[in-house]
Each structure stands twice: as structure tokens, then as C-alpha cells.
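Student: fold the following for me, if possible:
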Amino acid sequence: MIRLDKLNTTDLAAWVEQAKIQTIQGKVCDRIPQLSVAHPNWFAVHICCLSGKTYSSGDTGCIFPLMSVIKVFSFLYLLEVMGTDTVFQWVGVEPSDAPFNSLDQLITDGGHPRNPMINSGAITLADKLPGKTASDRTSHLCQWLNQLAGSQLYLDEVMLASVRASRSPINQALTNYLAEQNRLENPEVALDTYEQICCISGRVEDLALLGKALAGGNNLQHHRIVNAVMLMCGLYQDSAKFALKIGLPMKSGISGAMLAIVPNTGAIACYSPVLNMVGNSIGAIAFIGALAQKLELSIF
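Tutor: Below you'll find the predicted structure:
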């Protein structure tokens, strides 16, 4: 078996090209105007190993917002700051077979978000982040992540303006319902915080460094919890399928960002903006799937 830190760069480039072929089956997200300007052919991968080895291929200079990938790290941050018992009073860890922004499911669940990887859960946790204003909370989270991982993430103000100009009515409805159920202390700040943290941006290397921090902390309770929830919930209603097929904790975002954790080994970060119907990056799944199969990376 080839280890992740013994990769052949020729093979890596070939797997990238094979993954890019798959992207003709989907489209770039057009709900947020600033996301829609991404070129469908962009593809970047960066792999960070705990051994110190790194590998990169593709359009690694591209800067993109983490979007829903940030949900992993707001969850981790609150586990670290508030503790497990407190956080699990706010959100569950149950997988969802409904879309990531389903109001019907939130109503069915009585206003208790099923997990932190769907929008209702992430908005709830955004309400609990330390800081009085949304800008304070975003700044604290971004600073914490950069210190944790050695990354150079920052808030993309242009992306944020685009998100605000095209605010999702469904996210507003989720926020309103959470407020009605007394799940939020300040609904306006919660939604503003959620929109801001989704616009925390960087390159694929920054995302891989975040993943490396999670991969290396597998002896820590909070890292194990986050990785388990990623495995069960990180790819929305496709999570179970890819837990079986790929067998790694993964999280996607509608920007085309995707992170996969190889516990005790390293992390694989991809950026490929073409999405499938569920909202997951087609190219990133194809690449990580090929890599996991060739290197036998599944945790099972």
C-alpha cells in the first residue's frame, strides 16, 4: 500500500485530470453572484501530511470562500470554548436525509437542529460564538483558526456583499423559526454571523492546514467528535453513500471547497466549483474517491 506521504506527483496530476473530466455533469453555483464568476475548469488540490510532506496540483492560487466547510470549525471552536455538554444542548449529531437548508425537517424536529453541518445547526452555533457583534465573532473565529493551523484565512468583503445582496429567503426562514422556538439569543446577529463566517476565504493550502490540525488531534475528544460528525453528516444526504464508498470524514461547501481528513495521517483539500444536485463538488469527490481507493485510505 502506498502511504499518503509517499505519493507520486505524476499519479497525482493524472488523478486531477481524471476528476476534471467528471465536472461536465454539474454546474457552478449561481445563487450567489460572486460565486457564479468561478471558472468551471478550475481545480486545485493540496495535501498536508502529519509527517511534514505536502503535495499540490492544479490552480492552487485560486482564492475561494469556505462556505459550509466553515461549519466544521465553528463547531470545533465551540466544543473547545464551551465544552461538549453545552454544545450538544444546542445541536444534535443525527444525519439528515433532507437538503441542507430544509425548513420542514427543522419543524419536524421541533426546532432542534439535527446536526451542526446543516444550515439550521450552523446558524444556531453562529448565535453562540463569542463576541458582541457579527464582525467580532467572525474576527475571533478567523484569528483562532489561523493560530490553530498556521493558515492565512481572511474575510472576503466582496463575497460578503454579494451574499448579503442575495440573502437566502430559506436561511431567513430557518432563523425566524429558530427564534420562534427560543433557540437564538439574537436572530439578526446570528444570521449575519453565519453569512460572514461562510465568507472566510483562502487558498486550498489554507484549507488543508485546517484539516491537518483535525487529523493530528485524533487523540483529543473534540477532534474525534468533529471527524465523526463530518463522516455522518458532512456531505448532506450523500453522506452515508460516501462514508461507504470513500470512508473518510469529509465536508463540502457550495463554493466548490471540500476537505477530507485522514485521521493520524493528514488532510486532503480540494477546490472545484462545479457542483452536483446535492451541492457537493463533483470534481473534488471524484479526486478524493480515486485517491482513497488507490491508497486504501478508508478508516474502515
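Student: hey, where'd the helices end up in this protein?
Tutor: Using DSSP state H, the helices found in the chain span residues 9-22, 33-36, 70-82, 84-90, 103-108, 119-126, 134-149, 157-165, 169-180, 187-198, 204-216, 221-233, 239-245, 282-295.
Student: which residues touch the nearest residue to residue 172 once chain neighbours are set aside?
Tutor: Ranked by C-beta to C-beta, 6 or more residues apart in numbering and with sequence neighbours excluded, the top spatial neighbour of residue 172 is residue 191, at 6.8 Å. Heads up, the C-betas are built off the backbone N, CA and C, glycines and all. Residue 191 is in contact with 123, 126, 171-172, 175, counting by C-beta atoms under 8 Å, 6 or more residues apart in numbering.
Student: likewise for residue 215?
Tutor: 50, 261-267.
Student: CSV for those residues, including distance to residue 291 and neighbour count?
Tutor: Converted to CSV, these look like this (distance: C-beta to C-beta, whole Å; neighbours: other C-beta atoms under 10 Å):
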residue, distance to residue 291, neighbour count
50, 16, 17
261, 13, 29
262, 9, 28
263, 15, 20
264, 17, 12
265, 12, 22
266, 11, 26
267, 12, 28
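Student: can I get these in a markdown table with pLDDT and distance to residue 234?
Tutor: Below are the contacts of residue 215 laid out as a markdown table (pLDDT from 0 to 100; distance: C-beta to C-beta, whole Å):
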| residue | pLDDT | distance to residue 234 |
| --- | --- | --- |
| 50 | 94 | 21 |
| 261 | 97 | 9 |
| 262 | 96 | 14 |
| 263 | 93 | 14 |
| 264 | 91 | 19 |
| 265 | 94 | 18 |
| 266 | 95 | 17 |
| 267 | 97 | 13 |
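Student: closest to residue 36 out of these?
Tutor: residue 267 (27.9 Å; C-beta to C-beta).
Student: now stretch 86-97, how far from the centre of its chain.
Tutor: Mean-position distance between stretch 86-97 and its chain equals 16 Å (C-alpha atoms, centre = their mean, to the nearest Å).
Student: and that stretch, which residues are buried?
Tutor: 87, 90-93, 95-96 (16 or more other C-beta atoms under 10 Å).
Student: that one: end-to-end distance?
Tutor: Distance between the two ends of stretch 86-97: 25 Å, counting by C-alpha to C-alpha, to the nearest Å.
Student: also stretch 115-133?
Tutor: Stretch 115-133 has an end-to-end distance of 24 Å (C-alpha to C-alpha).
Student: and it, which residues are buried?
Tutor: Residues of stretch 115-133 classed as buried by neighbour count (16+ other C-beta under 10 Å): 115-129.
Student: hang on, the earlier thing: relative to residue 106, how far out is the residue nearest to residue 172?
Tutor: Using C-beta to C-beta, to the nearest Å, we find residue 191 at a distance of 14 Å from residue 106.
Student: with that, I have no additional questions.
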